[in-house]
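*Asks:* Next one to model:
(chains A and B)
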Amino acid sequence: DTEVTQTPKHLVMGMTNKKSLKCEQHMGHRAMYWYKQKAKKPPELMFVYSYEKLSINESVPSRFSPECPNSSLLNLHLHALQPEDSALYLCASSRFGGAGPAETQYFGPGTRLLVL
Amino acid sequence: GDSVTQMEGPVTLSEEAFLTINCTYTATGYPSLFWYVQYPGEGLQLLLKATKADDKGSNKGFEATYRKETTSFHLEKGSVQVSDSAVYFCALNTGANSKLTFGKGITLSVRP
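*Replies:* Residues are numbered from 1 along each chain as shown, chains lettered A, B, ... in the order given. Got it, this is the predicted structure:
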C-alpha cells in the first residue's frame, strides 16, 4: 500500500482566514514533504520533515507554517495568504528522507487552494 | 546544479500509436531517475524508476532505460490508450537533502 491521503480536497479562503491542510500516511515512512504546484508547472518543494524534525525549509514565507505532530501526520497551517498562493498543495512521503538517491517519494492527491 | 530537460509539448497521438517522451539530465554523482504521471485533477503517481545505469524501469506498458552515456531516460510505450492522457514528469534524485529535481512536464493527449 503506497497511499498518502490529504484533506480537504478543495479549499477556498479569504486573505484574513486561518486554515490548515492535513496529510496522513500509514506506510511507516519517516520523511514527509510539502510541495506547491502551480498550473502547468512541476511541483516546487516547500518543506521536508525527517523523523518528525524540520530538515528543509525552502525559504517559504512565514504565512505557511508546517507541523509534524507524529510520524504519520503532517499539517500545513495557512494564515494571511495572498491570491498568488492559490495552487495545488501536494504532500509526499518516503521511507527515511536523505537516505540516498534511490529513495522514492509517494505523493498524495493534493489540496486545491483558492485564495480570494 | 542538477537539472532535467524534457522535450517540448504538448504531444497529441492517436490511440494505439507509439509514444516516446524524451528526458535528459545533468547531475553530480549517481542519481536515480523517475517518471511520474499526473492525471487531470489528481496528484503525482510514480510510474517507474531506475536506480543505476542500464536499469530498465517498466510499469503499465511504459518503459524507460537509464542511459548514463547519453544522460537520458526516455519514456516509451508501444501502444497508447486514451486513458494515458496526462502530464508526465521526469525527475531525478541525487540523494542530497531528499530533493527531487523535476523536468517541466509534458502533456500527452490521446485521441480515440
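*Asks:* Okay, strands next: where are they in chain A?
*Replies:* Counting by DSSP state E, the segments of chain A that form strands are A:4-7, A:10-13, A:18-25, A:31-37, A:44-50, A:53-57, A:64-70, A:73-79, A:87-94, A:106-107, A:111-115.
*Asks:* can you list the ones you listed in a markdown table and add distance to B:Lys68?
*Replies:* C-beta coordinates here come from the backbone N, C-alpha and C atoms, glycine included. Conversion of those to a markdown table gives the following (distance: least, C-beta to C-beta, whole Å):
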| stretch | distance to B:Lys68 |
| --- | --- |
| strand A:4-7 | 31 |
| strand A:10-13 | 43 |
| strand A:18-25 | 33 |
| strand A:31-37 | 27 |
| strand A:44-50 | 26 |
| strand A:53-57 | 28 |
| strand A:64-70 | 36 |
| strand A:73-79 | 35 |
| strand A:87-94 | 24 |
| strand A:106-107 | 26 |
| strand A:111-115 | 38 |
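*Asks:* and the residue positioned nearest the centre of chain A, what is it in contact with?
*Replies:* When C-alpha atoms, centre = their mean is applied to chain A, the residue found nearest the centroid is A:Trp34 (2.6 Å). With C-beta atoms under 8 Å, 6 or more residues apart in numbering or on different chains as the criterion, the residues that contact A:Trp34 are A:23, A:45-47, A:66, A:74, A:76, A:89-91.
*Asks:* How about residue 73: what's its closest non-neighbour residue?
*Replies:* Here I'm looking at chain A. Residue nearest to A:Leu73 in three dimensions, not counting chain neighbours: A:Glu24, with 5.6 Å by C-beta to C-beta, 6 or more residues apart in numbering or on different chains.
*Asks:* Please refer instead to chain B.
*Replies:* Ranked by C-beta to C-beta, 6+ apart and with sequence neighbours excluded, the top spatial neighbour of B:Phe73 is B:Leu33, at 4.3 Å.
*Asks:* Assumed that neighbour was part of a strand.
*Replies:* Yes. The assignment for B:Leu33 is a strand, going by DSSP: H, G, I helix; E, B strand; the rest coil.
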